[in-house]
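Undergrad: When you get a sec, could you give me coordinates for this:
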Amino acid sequence: MTKERKTIYIIAGEESGDQIGGALMKAIKHSAPKDSHLLFEGVGSTHMEKEGLRSLFPMGELSIMGILEIVPHILNVLARLSQTVDDIKKIRPDLVVTIDAPGFNFRLAKRLKSLNIPVVHITAPTVWAWRPRRAERVAGYLTHLLTLFHFEPPYFTKHGLKTTFMGHPLVEKKLWDISPETYRKKHKVKKNQPLLCLLPGSRVSEINTHLPLFLNAVELLKSHHPDIEVVIPTLPRFKDQIEKALKGHGISGYVTTDETEKYEAMRGATAALAASGTVTLELGLCGTPMIVAYKGNPISAAIVRKLILTKHVSLTNILLEKEVVPELLQDACKSEDLSHALHKLLKDQSESHAVQKKELTKLRALVQSASGESPSDVAAKAILESLLKEPSA
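TA: Below you'll find the model as predicted:
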């Protein structure tokens, strides 16, 4: 890399992408030649801002999920898209890095194609789950794709898109090394006392839908496990709402917004009840048996059911290629059924608990990069390679 300034425009659309972006920026700065001058611009939040990014606008405006849920926000999202394109045209970065948020980032990449700016995207669209034709389409406007899962590259390389398996960012947290006793000792939970970790989601709609169902399930569960202890890791903006709901249900539970304590709670938990999402992989890497639940907009769910190609929705089951973890979705997501499934896991010497514990140990090898390097380092090398690459004559 020459001593001239190189600008990387990096965009994340939600909390998980911001975490990936922050770790990536740190790895790029660490791996770049000492005499290089890197400048980061773009859209992000806490983790990316910690590494020096000044976000063009609040990242939270892009954190919208669901086919129908985005409709009320579409005009604002499109305005932010135009604003981002204009900002990129003004800055003329050497490289654009987009992280997840395909609804926003792929529209952006299409608009940038005429500018001849390389676009590296992190996290592949789930063409193995639904809408497989997207693989050929994204090959038309991305320069390089970095995937989190080992089975994804072939879907894209056959269309001529350079694709690299970087590994899943959760590998860097080494969740399996956290002591299961840390949380229990800190909060005086006895060794054999059942500890249930509730994870109702990270979006407003998920909290509003799942929290009452989950707490009702715990109320029913207490007839079998009167000494059960509950911990709910969540984001700071939901803390007051969840604590109020716990009191309303007469449940004694602890709400934490600290990421370190979140993982300590996961590792120390006897079992978990979680909304489908990345959190199921976090629990899996912690070796924590779980029940996966999800209840969303019924119309959105009906549309997705007609399009989805996989047998399972949780990342844990998809990676293990079988239903290790029970999935209670939509109409099956009822408090009575959730309570029954949890009781099956929590009862003494549960066979289902032992089976999950054994199967979950296989996940680590499935999300580690082939080279053994951290995902951030793999991604940083790919991005620096693109910056170093001489333009073709």
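
Undergrad: Flag the shaky bits of the stretch 51-200 of the chain, pLDDT-wise.
TA: For the stretch 51-200 of the chain, the stretches with pLDDT under 70 are 63-73.

Undergrad: Got phi/psi on Pro212?
TA: The phi/psi pair for Pro212 (degrees, to the nearest 10) reads phi -60, psi -40.

Undergrad: Distance of it relative to Ile251?
TA: Separation of Pro212 from Ile251 (CB to CB, to the nearest Å) stands at 12 Å. All C-beta atoms are positioned from the backbone trio N, CA, C, and that covers glycine.

Undergrad: got it, and Leu53?
TA: Distance, Leu53 to Ile251, by CB to CB: 40 Å.

Undergrad: more neighbours, these two?
TA: Taking other CB atoms under 10 Å, Leu53 and Ile251 do not tie; Leu53 has more neighbours (22 against 17).

Undergrad: For that one, give its distance to Gly21.
TA: The gap separating Leu53 from Gly21 is 8 Å, by CB to CB.

Undergrad: And for Phe238?
TA: 22 Å.

Undergrad: swap in Leu62?
TA: Separation of Leu62 from Gly21 (CB to CB): 13 Å.

Undergrad: ditto for Trp130
TA: As judged by CB to CB, Trp130 and Gly21 stand 26 Å apart.

Undergrad: Those two: which is more packed in?
TA: Neighbour count, other CB under 10 Å: between Trp130 and Gly21, Gly21 has more, with 31 against 15.

Undergrad: my read: the more buried one touches Gly44, true?
TA: Yes - counting by CB atoms under 8 Å, Gly44 is a contact partner of Gly21 at 5.2 Å.

Undergrad: which neighbours do the two share?
TA: Listed contacts common to Gly21 and Gly44 are 10, 12, 53; contacts here mean CB atoms under 8 Å, 6 or more residues apart in numbering.

Undergrad: Return the member of those residues nearest to Ala341.
TA: Set against Ala341, the nearest of the shared contacts of Gly21 and Gly44 by CB to CB is Ala12 (34.2 Å).

Undergrad: how about the closest one, what does it touch?
TA: By CB under 8 Å, 6+ apart, the contact list for Ala12 reads 18, 20-21, 42-45, 48, 59, 99-101.

Undergrad: Bridge partners for it, pull those for me.
TA: Assessed by DSSP bridges, Ala12 has beta-bridge partners Ile99.

Undergrad: how about the helix or strand containing Ser16 as CSV, C-alpha atoms only?
TA: Per DSSP states H and E: Ser16 is located in helix 15-31. Output of helix 15-31 as CSV, limited to C-alpha atoms (Å, rounded to 0.1, in the frame of the first residue of the first chain):
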residue,chain,number,x,y,z
GLU,A,15,-26.3,-4.5,16.1
SER,A,16,-24.7,-7.7,14.9
GLY,A,17,-23.3,-6.0,11.9
ASP,A,18,-21.9,-3.1,14.0
GLN,A,19,-20.1,-5.7,16.1
ILE,A,20,-18.6,-7.3,13.0
GLY,A,21,-17.7,-3.9,11.7
GLY,A,22,-16.0,-2.8,14.9
ALA,A,23,-13.8,-5.9,15.1
LEU,A,24,-13.1,-5.6,11.3
MET,A,25,-11.9,-2.0,11.6
LYS,A,26,-9.6,-3.0,14.5
ALA,A,27,-8.2,-5.9,12.5
ILE,A,28,-7.6,-3.8,9.4
LYS,A,29,-5.7,-1.1,11.4
HIS,A,30,-3.6,-3.9,13.0
SER,A,31,-2.8,-5.6,9.7
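
Undergrad: tell me what the helix or strand just after that helix is packed against?
TA: Downstream of helix 15-31, the next assigned helix or strand under DSSP H and E is strand 37-43. Using 3 or more CB pairs under 8 Å, 6 or more residues apart in numbering; DSSP states H and E, the elements in contact with strand 37-43 are strand 5-12, helix 15-31, helix 74-91.

Undergrad: Can you name the residues in contact with the longest one?
TA: The reference is to helix 74-91. Helix 74-91 is touched from outside by 7, 9, 11, 41, 43, 56-57, 61-62, 64, 70, 96, 103-104, 107-108, 111-112, 115, 117, with contacts defined as CB under 8 Å, 6+ apart.

Undergrad: Could you tell me which of these count as buried?
TA: 7, 9, 11, 41, 43, 56, 62, 64, 96, 104, 107-108, 111-112, 117 (16 or more other CB atoms under 10 Å).

Undergrad: okay, which residue is most central for this protein?
TA: Nearest to the geometric centre of the chain sits Thr278, at 4.1 Å (CA atoms, centre = their mean).

Undergrad: Verify the contact between it and Gly17 for me.
TA: No - using CB under 8 Å, Thr278 is not in contact with Gly17; the gap is 10.7 Å.

Undergrad: how many other residues sit next to Glu327?
TA: Glu327: 20 surrounding residues under other CB under 10 Å.

Undergrad: for it, what are its contacts?
TA: The contact partners of Glu327, taken as CB under 8 Å, 6+ apart, are 276, 292-294, 312-314, 317.

Undergrad: mind listing which of the residues you listed are in strands?
TA: 292-294 (DSSP state E).

Undergrad: Just the buried ones from those, in ChimeraX syntax?
TA: Of the ones in strands among the contacts of Glu327, the buried ones go into a single ChimeraX selection, burial set by 16+ other CB under 10 Å:
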select :292,293,294
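
Undergrad: Reformat the ones in strands among the contacts of Glu327 as TSV; add pLDDT.
TA: Listed next are the ones in strands among the contacts of Glu327 as TSV, based on pLDDT from 0 to 100:
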residue	pLDDT
Val292	97
Ala293	95
Tyr294	92
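
Undergrad: Which one of the ones in strands among the contacts of Glu327 is nearest to Glu323?
TA: When the ones in strands among the contacts of Glu327 are compared against Glu323 (criterion: CB to CB), the nearest one is Val292, at 9.9 Å.

Undergrad: picking that back up, list the contacts for the residue nearest to the centre of the chain?
TA: Residues in contact with Thr278 (CB under 8 Å, 6+ apart) are 16, 170, 315.

Undergrad: can you do 10 Å?
TA: The contact partners of Thr278, by CB atoms under 10 Å, 6 or more residues apart in numbering, come to 15-16, 19, 148, 168-170, 202, 315.
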